[in-house]
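> Quick one, structure for this:
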Amino acid sequence: MYNKESFYDCTIVDLFAGPTFFTPIIIYYIIFKALIQINNKFFPIQTGSCHCPYNSTLLSRNLFMIIGTMPKFRSFFLSKSQFTRGLQCHKSLWLLKNRPELRAEPDASLQARFDAGTDVGILAQQLFPDGMTLEYNSGISHNINTTQELIASGIGTIYEATFRHDSVLAMVDILHKGPGGWRLYEVKSSTETKDIFINDTAIQYYVVAGSGIKVSRVFLVHLNNQYTRVGELDLQELFTIDDVTDSTLSRQRDIPQLLAAMRQSLEGDEPDIDIGPYCTEPYDCDFIPYCWQHIPKCSIFDIANLRKNRKFALYYRNILHMKEIPPDFSLSDNMQIQVEAEVTGKEFINISNIKEFLSNIKEPLGFLDFETFMEPVPSFDYQKPYQQIPFQYSLHILASDKLSQHEFLGQPDEDPRRAFITKLLIDTRPCRTIIVYNQAFEIVRLQEIARDFPEFATDIDLLIARITDLMVPFRNRDYYVRAMCGSHSIKSVLPALVPDLSYNNLAIADGETAMLSYARLAKISSQEEIDKVRQDLLEYCRLDTLAMVKIWEKLVSLIKPREQLLLF
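I've put the predicted structure just below:
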């Protein structure tokens, strides 16, 4: 199970949801019974004192020979998530139904988002208390029947009300009886109503109304990112409810044709659909590893800042490699640098610009990196939905030819911000320049702490004034080599400049994993395991700031004689 909306993807729903299943099963049953009678009459065998009614080996062989000659029966039953998948790409839907083993498993980060969305949906039920919940594991038919029974009983609210119409399954997050009829509430963990969400409400309305239920209004429930928690959660403020009835109704006319087109596609072999922008719009497809396997590493799709439609314009001209880009295809100066580096292996190093960048850096130097977490439902006072909360930092300080390291790691069941900023302000006092990588991230986090804890605002402003962004020379292509493959992230720059320093052997090797590991600390009971995770977090963040030290050292080596360098 990936998430609630895909719970029934490639599951028993595809088997027992409609007549496309029962017809072949009835035929198989008749054949099976006939073969039993034949075997029982002509091929009885004795096994000890037990008279076996049929020769199982011969029976199995005959049965599967006959079944193998029968046409393949396919299920055209669709769930809501399968319908929206089909809107994005018929090939993706076909692969889900026929080749699900090719589907990429969700990584830990994606699964965490699915889980968070489920939690938000459960919390939103409290907006309409005293309803009845239908459990997923009760089975589709059971939930469909129970939904009808609850409606007939006069109940006012049902969570996960389940309906089937036109071989489409819909599970309504919240079905609430209001004036003039039933109201559908679709809950999303996003912070706004997006047009793509109307596809969800449209197919739900189609199924529910088609099941004979009078639907008066349709609503979309999402989080309010302007809400700031103070004290207990205020659900009326945490959630925003948008009326999407009109936009939902406007799509009803097209649904039968859309379903027919999907089912027609499912009737045939794998659709001959090439890759395109729809592979990632509106969602990243989980069959990308299969459909994109012919795309080489560092292809035209890796040209930084080239618009997607222009990348596909090249692709549809059978151009995959950068060396194949025609001379008349316009590229910016930075794009030209990347392409030339990829084609020729030439290194682009602008000594003059690098020297100017380094001239503004004054010792003692601080190399600073943050790690943050965010959650849809705020846990602490002065926290908004999805606000990034710093919980860890590493700081390497270079002073008087000596390198020292300072760090902080919060406790997951406590708001870490006050302790975080208190220690950070102390640790950074000696630094004339504070070097970060992608300063927008750290500066915004510091500004948010100053907003939420105004007693630190003055000192935070002084800290921000000393920040310099080490990413600048790489973003501007003042230093670019082929190994960076269009990226100026520290994870791409470090191996290109300092190949002997790597994240590969770390238990935690990226920010997403760090965030998930920190959240996991609150659920671990073993102190030994807690200590291990905390140590892994500290090692990861330390390497981030040590990487900046090494990158800075590499830049300095370009403008200073080797004998003047301090090598760490």
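> where along the stretch 401-550 of the chain do the strands fall?
402-409, 433-436, 467-469, 479-480 (DSSP state E, counting those that start in this stretch).
> Tell me which of those strands is the most buried.
strand 479-480 (a mean of 25; mean count of other Cβ atoms under 10 Å). For every residue, glycine as well, the C-beta is placed using N, CA and C.
> so what secondary structure elements neighbour that strand?
Where contact means 3 or more Cβ pairs under 8 Å, 6 or more residues apart in numbering; DSSP states H and E, strand 479-480 is packed against helix 333-344, strand 348-349.
> any chance of these in JSON lines, plus distance to A440?
Shown next, in JSON lines, are the helices and strands packed on strand 479-480 (distance: least, Cβ to Cβ, whole Å):
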{"stretch": "helix 333-344", "distance to A440": "19"}
{"stretch": "strand 348-349", "distance to A440": "24"}
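> now those in TSV, with mean pLDDT, distance to D115 and mean neighbour count?
Shown next, in TSV, are the helices and strands packed on strand 479-480 (pLDDT from 0 to 100; distance: least, Cβ to Cβ, whole Å; neighbours: other Cβ atoms under 10 Å):
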stretch	mean pLDDT	distance to D115	mean neighbour count
helix 333-344	97	38	17
strand 348-349	96	44	16
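> among these, which is nearest N476?
Closest to N476 of those, according to Cβ to Cβ: helix 333-344, at 7.6 Å.
> Nearest to N318, out of the strands of the stretch 401-550 of the chain?
Across the strands of the stretch 401-550 of the chain, closest to N318 is strand 479-480 (Cβ to Cβ), at 27.3 Å.
> picking that back up, I'd like to know which of the helices and strands packed on strand 479-480 lies nearest to L175.
So among the helices and strands packed on strand 479-480, helix 333-344 is nearest, using Cβ to Cβ, at 51.9 Å.
> low-scoring pLDDT stretches of the stretch 451-568 of the chain, where are they?
For the stretch 451-568 of the chain, the stretches flagged by pLDDT under 70 are 561-568.
> And for the chain?
Residue ranges of the chain with pLDDT under 70: 1-75, 561-568.
> again, 50 this time
Applying pLDDT under 50 to the chain flags the ranges 1-2, 5-8, 10-29, 39, 42-61, 63-73, 562-568.
> What distance do you get for H294 to E356?
44 Å (Cβ to Cβ, to the nearest Å).
> the more surrounded of the two?
Neighbour totals were compared for H294 and E356, and E356 leads with 13 against 8 (other Cβ atoms under 10 Å).
> what's the distance between that one and G366?
Distance from E356 to G366, counting by Cβ to Cβ: 21 Å.
> re the thing from before, I'd like the strands of the stretch 401-550 of the chain laid out as CSV, including distance to V172.
Formatted as CSV, those follow (distance: least, Cβ to Cβ, whole Å):
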stretch, distance to V172
strand 402-409, 43
strand 433-436, 47
strand 467-469, 48
strand 479-480, 52
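> Which of these sits closest to Y227?
Among the strands of the stretch 401-550 of the chain, strand 402-409 comes nearest to Y227, with 27.9 Å by Cβ to Cβ.
> Tabulate the CA atom coordinates of the closest one in CSV.
What follows is strand 402-409, C-alpha atoms only, in CSV (Å, rounded to 0.1, in the frame of the first residue of the first chain):
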residue,chain,number,x,y,z
LYS,A,402,43.2,26.2,13.0
LEU,A,403,39.9,24.4,12.2
SER,A,404,37.4,23.7,14.9
GLN,A,405,33.8,22.4,14.8
HIS,A,406,30.7,23.2,16.7
GLU,A,407,27.3,21.6,16.4
PHE,A,408,23.7,21.4,17.7
LEU,A,409,21.1,18.6,17.5
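> Provide the strand pairings for it, with the direction of each partner.
strand 389-399 (antiparallel) (DSSP bridges).
> Could I get the buried residue list for the partner strand?
I389, P390, F391, Q392, Y393, S394, L395, H396, I397, L398 (16 or more other Cβ atoms under 10 Å).
> With respect to Q236, which of the residues you listed is nearest?
When those are compared for distance to Q236 (Cβ to Cβ), I389 wins out at 23.7 Å.
> The closest one and A519, how far apart?
Going from I389 to A519 by Cβ to Cβ gives 11 Å.
> Touching both of those two, which residues are there?
F373 (Cβ atoms under 8 Å, 6 or more residues apart in numbering).
> What strand or helix carries the residue nearest the centre of the chain?
Residue closest to the average C-alpha location in the chain (Cα atoms, centre = their mean): L110, at 3.6 Å. Using DSSP states H and E, L110 sits within helix 108-124.
> and the closest residue to R417 other than its chain neighbours, how far is that from T468?
Nearest in space to R417, with sequence neighbours left out and distances taken as Cβ to Cβ, 6 or more residues apart in numbering, is I449 at 5.5 Å. Going from I449 to T468 by Cβ to Cβ gives 20 Å.
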